[in-house]
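Q: Coordinates for the following, if possible.
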Amino acid sequence: MRVAIVINTSWNIWNFRRSLVLALQAAGHEVLAIAPPDAYSQRLETELGCRYVPILMENKGTNPVKDALLTRRFYDIYRRERPDVVLQYTIKPNIYGTIAARLAGIPSVNNVSGLGTVFIVKNLVSRVALGLYRFAFRFPKRVFFQNDDDRQLFLQNGLVDARITDLLPGSGIDTTKFRPAIEFTRHEPFTFLMIARVLYEKGVEEYFEAARLVREAAPGTRVQLLGGIDESGGVGVKRAVFEEWLRAGNVEYLGTSDNVAEHIHKADCVVLPSYREGTPKTLLEAAAMGKPIVTTDVPGCRETVVDGQNGLLCEVRSATDLAAKMVQVLRLPAPALAQMGRAGRQLAEQKFDEQIVLNKYLQVVAEVQPKRASIAKTA
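A: Predicted structure coming up:
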């Protein structure tokens, strides 16, 4: 079968769907990667063996003319490439790609990997998005959610039929690749690490303020941030503002990296004060590597922490509470810190192993196959 993976960036496929691509290929399927071009597009072909198909797509904004043109671009690609099924992620493929797949007569499977600002900020744009979801989500064969809070929100708003929904443990985590160090080490100075794009909704402003408070309580503590600057769509922190925050000297900015595991290994605790998530991949990586977590008590984030066992939950949008929880972890003796890490590793193995995700995708793709084959025979 020809399976298309459709996302808003090639980077996303490379970083979050690589194991799915390999699993589909191992099962004998041809994989198309459909995404806007970026620095990772060529790697999808040369290193993963996908056939890369570019599409122009603005990730932000809701201009109805542009969105209609995007639907047409999806339709043209689906008609030309004739995948047997499309696996779609992120809001625009989920909405406009689904409509296009319906018009092209191709089954679609969607993944709601996080609700973003559409559900965090209540305004005209969010109301339009709800209506678009309600229309488009009449058509998929399956809609996967990464936490039950998101699933229930869609059901309560009448956006999707419960019979086609299912839950996944995020993107899952490769517990053989992301492993704890052989010997536990508490770093000196103690090091916190946040891994996220520089967006307000990730809690980055609260993180900077918490860093100041933590370093007042424990001078010399290292507080790091790894992730790209994203000024698009009005949701990212402007570079000038970000650079002003950095000048305060409380947070070390690490830029971006293709080796996130290396940075997690050098940290003592991973922090994510996000306003809402699907299931954050970076926290799954941290848990699998035996690192304590501090994150917000919100949908998606709270799924990765059993409070007090493998990390601590803090109040959303509260730099003061975030700092208090960070200091609480910092002051743990080494044996307690190591035990938190072991609890995180156990949670990753039992609840978030990526094989759970891969098996569900392989199953839903297999369910599409007989129907498509019978259509081909009668054509």
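Q: What sits closest to Leu32 if chain neighbours are left out?
A: Leaving aside its chain neighbours, Leu32 sits nearest to Ala4 (4.2 Å; criterion: Cβ to Cβ, 6 or more residues apart in numbering). Placement of C-beta: from N, CA and C, glycine included.
Q: Same check on Arg345?
A: Take Arg345 and drop its neighbours on the chain: the residue closest to it by Cβ to Cβ, 6+ apart is Gly290, 4.7 Å away.
Q: my guess is the one you found contacts Leu347, does it?
A: No. Shown here, Gly290 and Leu347 do not form a contact pair, counting by Cβ atoms under 8 Å, at 10.6 Å.
Q: neighbour count winner among those two?
A: A side-by-side neighbour count of Gly290 and Leu347, using other Cβ atoms under 10 Å, places Gly290 first with 24 against 21.
Q: okay, now the closest residue to Cys301 other than its chain neighbours: neighbour count?
A: Of all residues not flanking Cys301 in the chain, Thr295 sits nearest, at 4.2 Å (Cβ to Cβ, 6+ apart). A count of neighbours around Thr295, defined by other Cβ under 10 Å, yields 30.
Q: just Gln328 next, same as before
A: By other Cβ under 10 Å, 13 other residues sit near Gln328.
Q: go on, Pro93?
A: Pro93 has 28 neighbours, counted by other Cβ under 10 Å.
Q: tell me the phi and psi of it?
A: With angles defined as degrees, to the nearest 10, Pro93 sits at phi -60, psi -40.
Q: Show me what the closest residue to it other than its chain neighbours bridges to in the sheet.
A: Take Pro93 and drop its neighbours on the chain: the residue closest to it by Cβ to Cβ, 6+ apart is Val6, 4.5 Å away. Following DSSP bridges, Val6 is listed with bridge partners Ile34, Gln88.
Q: Val6 against Ile34, yeah?
A: Yes. Contact criterion Cβ under 8 Å: Val6 and Ile34 qualify, at 4.5 Å.
Q: if I look at those two, which residues touch both of them?
A: Common contacts of Val6 and Ile34, defined by Cβ atoms under 8 Å, 6 or more residues apart in numbering, comprise Val86.
Q: so where's the stretch 1-150 of the chain uncertain?
A: Scanning the stretch 1-150 of the chain for pLDDT under 70 picks out 60-62, 64, 116-123.
Q: quick one: the helices in it?
A: 10-16, 18-26, 41-46, 64-81, 91-92, 98-104, 116-120, 124-136, 148-156 (DSSP state H, counting those that start in this stretch).
Q: Mean neighbour count for those helices - can I get that in a markdown table?
A: Output for these, formatted as a markdown table (neighbours: other Cβ atoms under 10 Å):
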| stretch | mean neighbour count |
| --- | --- |
| helix 10-16 | 20 |
| helix 18-26 | 17 |
| helix 41-46 | 16 |
| helix 64-81 | 16 |
| helix 91-92 | 23 |
| helix 98-104 | 22 |
| helix 116-120 | 19 |
| helix 124-136 | 16 |
| helix 148-156 | 16 |
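Q: Just give the closest residue to Leu358, not the sequence neighbours.
A: That would be Ala23: by Cβ to Cβ, 6+ apart, it lies 4.4 Å from Leu358.
Q: what does Ile293 give?
A: Residue nearest to Ile293 in three dimensions, not counting chain neighbours: Gly311, with 3.4 Å by Cβ to Cβ, 6+ apart.
Q: How many residues are close by that neighbour?
A: With other Cβ under 10 Å as criterion, Gly311 counts 29.
Q: which SSE is Val214 in?
A: Assigned by DSSP states H and E, Val214 falls within helix 204-217.
Q: ok now that helix, how far from the chain's centre?
A: Centroid separation for helix 204-217 versus its chain: 25 Å, with Cα atoms, centre = their mean, to the nearest Å.
Q: related to what we said a few turns ago, of Val6 and Ile34, give the one with the bigger neighbour count.
A: Between Val6 and Ile34, counted using other Cβ under 10 Å, Val6 has the larger neighbour count: 30 against 27.
Q: Using CSV, write out the CA atom coordinates for stretch 337-345.
A: Below are the C-alpha coordinates for stretch 337-345, written out as CSV (Å, rounded to 0.1, in the frame of the first residue of the first chain):
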residue,chain,number,x,y,z
LEU,A,337,16.4,12.3,42.9
ALA,A,338,17.6,9.0,41.5
GLN,A,339,14.4,7.3,42.7
MET,A,340,12.3,9.9,40.8
GLY,A,341,14.3,9.1,37.7
ARG,A,342,13.7,5.3,38.1
ALA,A,343,10.0,6.0,38.5
GLY,A,344,10.0,8.0,35.3
ARG,A,345,11.8,5.3,33.4
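Q: Buried ones in that stretch, by neighbour count?
A: Residues Leu337, Ala338, Gln339, Met340, Gly341, Ala343, Gly344, Arg345 are the ones in stretch 337-345 that count as buried (16 or more other Cβ atoms under 10 Å).
Q: Tell me which residues touch the residue nearest to Pro93, please.
A: Shown in contact with Val6 (Cβ under 8 Å, 6+ apart): Ile34, Ala35, Phe74, Val86, Leu87, Gln88, Tyr89, Pro93, Gly97.
Q: Same question for Leu313.
A: By Cβ under 8 Å, 6+ apart, the residues touching Leu313 are Val294, Thr295, Thr296, Asp297, Cys301, Arg302, Val305, Asp307, Lys325.
Q: Okay, the closest residue in space to Gly228 that isn't next to it in sequence and Asp230: tell me how far apart.
A: Spatial nearest neighbour of Gly228, excluding adjacent residues (Cβ to Cβ, 6+ apart): Thr256 at 4.9 Å. Separation of Thr256 from Asp230 (Cβ to Cβ, to the nearest Å): 11 Å.
Q: Lovely, talk soon.
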